[in-house]
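Asker: Here is a sequence with its predicted model. Questions after.
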Amino acid sequence: MSLLDAENVTRFYGEFEPCGDCVDLTGPTHGRNQCPDCGTVVGCADVDLDVERGEVLGIVGESGSGKSSLAEMLALDLAATAGNVEFASYDGNLLDANYEERVDLRNTNVGMVHQHVRDGLNLEFTGGGNVAESLLAAGWRNFDEIRARVRDLFEETEVPVDRMDDPTDTYSGGMQRRVQIAKAIANDPELVILDEPTTGLDVSVQARVLDMFRRIQREQDVATIVVSHDLGVVRLLADRTVVMRHGRVIESGLTDRVMEDPQREYTQTLINSVI
């Protein structure tokens, strides 16, 4: 069995009840995400994907393609409208998990690195305090053990240990992103989800963060979903890649195949735009 197997994952946004034809009236064929009849926005619809243990899956697409909505649902941060997700450490449909189950899974089995730092870190806490928060939520109680674990995680993610007790808002953008990664891997999760991991970082900093995460991913053999509009990020990290447009998966396959021999015109345009 795959670590994660998702079928027909769907998310609607809107103030009014969907009309029932929203999926049929949106998507790549129509060139839109918003239903013309009722105004419902289809964040994503009928998405199927799977992730094997230790694998890195890339999800790419332009803004509005649905990739972040999908990532947030798989990270248990966003409720789904429909779909079924089987996860190795959960008995049942992961999307139906209640609040307590979601909190427990996020603290132990699923790590998330958010696109926006403020969604993943409390900038008023120290860097070490942010990581310790994740450990405390998972049941750690001994101060010395927590302190030692945070120190190890800082070293692993290449954050200066002597900055551990400094407020996180005094860290550079690259350091803040690495603290997020340290927090995400603190409890040895089975799955880590990276949502636009290089947003707002200088190119040289991007490279260091990505190289660092690739090393950790390989050493720990943790399954990872990387969501990005940047094909360079996905090419560097992902074994397989899923391409999304207007809330639908339009192409998928081994990353080298998708990048070197894209079958869909949209994928070809994406790739050519960065060559």
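Answerer: Thanks, I have it. Numbering: from 1, shown residues only.
Asker: switch to C-alpha atoms for all contacts and neighbour counts from now on
Answerer: OK.
Asker: The host helix or strand of V131 - contacts with which helices or strands?
Answerer: Per DSSP states H and E: V131 is located in helix 127-137. On a contact count with 3 or more Cα pairs under 8 Å, 6 or more residues apart in numbering; DSSP states H and E, helix 127-137 meets helix 99-108, helix 143-156, helix 173-185.
Asker: who's in contact with the second one?
Answerer: To tie it back to what came earlier, the one meant is helix 143-156. Helix 143-156 has contacts (Cα atoms under 8 Å, 6 or more residues apart in numbering) with 128, 131-132, 135, 140, 160-161, 164, 179, 182, 186, 216.
Asker: So which of the residues you listed is the closest to A80?
Answerer: Nearest to A80 out of those is A186 (Cα to Cα; 26.7 Å).
Asker: Run a quick check on that closest one versus L135, I expect a contact.
Answerer: Yes - A186 is within contact range of L135, at 6.7 Å (criterion: Cα atoms under 8 Å).
Asker: still on that earlier bit, just the angle between the helix holding V131 and helix 99-108, please?
Answerer: Counting by axes from the mean of the first three to the mean of the last three Cα atoms, to 10 degrees, helix 127-137 lies at 130 degrees to helix 99-108.
Asker: Which of the residues in helix 127-137 are classified as buried?
Answerer: Neighbour counts over helix 127-137 (16 or more other Cα atoms under 10 Å) mark 127-135 as buried.
Asker: If I take that helix and helix 173-185, what angle do their directions form?
Answerer: Using the same axes, to 10 degrees: helix 127-137 against helix 173-185 is 10 degrees.
Asker: can I get the CA coordinates of helix 127-137 in CSV?
Answerer: What follows is helix 127-137, C-alpha atoms only, in CSV (Å, rounded to 0.1, in the frame of the first residue of the first chain):
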residue,chain,number,x,y,z
GLY,A,127,13.4,30.1,17.0
GLY,A,128,13.9,27.4,19.5
GLY,A,129,10.6,28.0,21.1
ASN,A,130,8.8,27.5,17.8
VAL,A,131,10.4,24.1,17.4
ALA,A,132,9.8,23.2,21.0
GLU,A,133,6.1,24.0,20.6
SER,A,134,5.9,21.1,18.1
LEU,A,135,7.7,18.8,20.5
LEU,A,136,5.4,19.8,23.4
ALA,A,137,2.3,19.2,21.3
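Asker: quick check: mean pLDDT across that helix?
Answerer: For helix 127-137, mean pLDDT is 97.
Asker: contact partners of it?
Answerer: Contacts for helix 127-137 (Cα under 8 Å, 6+ apart): 107, 121-122, 146-147, 150-151, 163-168, 176, 179-180, 182-184, 186-187.
Asker: go again using 7 Å as the cut-off
Answerer: Here helix 127-137 makes contact (Cα atoms under 7 Å, 6 or more residues apart in numbering) with 107, 121-122, 146, 150, 164-168, 179, 182-183, 186-187.
Asker: Over to stretch 42-53?
Answerer: Contact partners of stretch 42-53, identified using Cα under 7 Å, 6+ apart, comprise 2-13, 23, 33-34, 57, 66, 69-70, 222-223, 247-249.
Asker: List only buried entries from these.
Answerer: Listed as buried from the contacts of stretch 42-53 are 3-7, 9-12, 23, 33-34, 57, 66, 69-70, 222-223, 247-249; burial here means 16+ other Cα under 10 Å.
Asker: follow-up on the earlier one: distance from the helix holding V131 to the middle of the chain?
Answerer: Averaging C-alpha positions (Cα atoms, centre = their mean, to the nearest Å) puts helix 127-137 20 Å from its chain's average.
Asker: pull the CA atoms of stretch 63-78 into PDB?
Answerer: Extracted in PDB, the C-alpha atoms of stretch 63-78 (Å, rounded to 0.1, in the frame of the first residue of the first chain):
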ATOM      1  CA  SER A  63      -1.400  30.700  -9.500                       C
ATOM      2  CA  GLY A  64      -5.000  29.500  -9.200                       C
ATOM      3  CA  SER A  65      -4.300  26.000 -10.500                       C
ATOM      4  CA  GLY A  66      -5.500  24.500  -7.200                       C
ATOM      5  CA  LYS A  67      -2.100  23.100  -6.000                       C
ATOM      6  CA  SER A  68      -2.100  25.000  -2.700                       C
ATOM      7  CA  SER A  69      -5.700  24.100  -1.900                       C
ATOM      8  CA  LEU A  70      -4.800  20.400  -2.500                       C
ATOM      9  CA  ALA A  71      -1.700  20.700  -0.300                       C
ATOM     10  CA  GLU A  72      -3.700  22.300   2.600                       C
ATOM     11  CA  MET A  73      -6.300  19.500   2.400                       C
ATOM     12  CA  LEU A  74      -3.600  16.800   2.500                       C
ATOM     13  CA  ALA A  75      -1.900  18.600   5.400                       C
ATOM     14  CA  LEU A  76      -5.300  18.600   7.300                       C
ATOM     15  CA  ASP A  77      -5.400  22.400   7.400                       C
ATOM     16  CA  LEU A  78      -8.400  22.800   5.000                       C
END
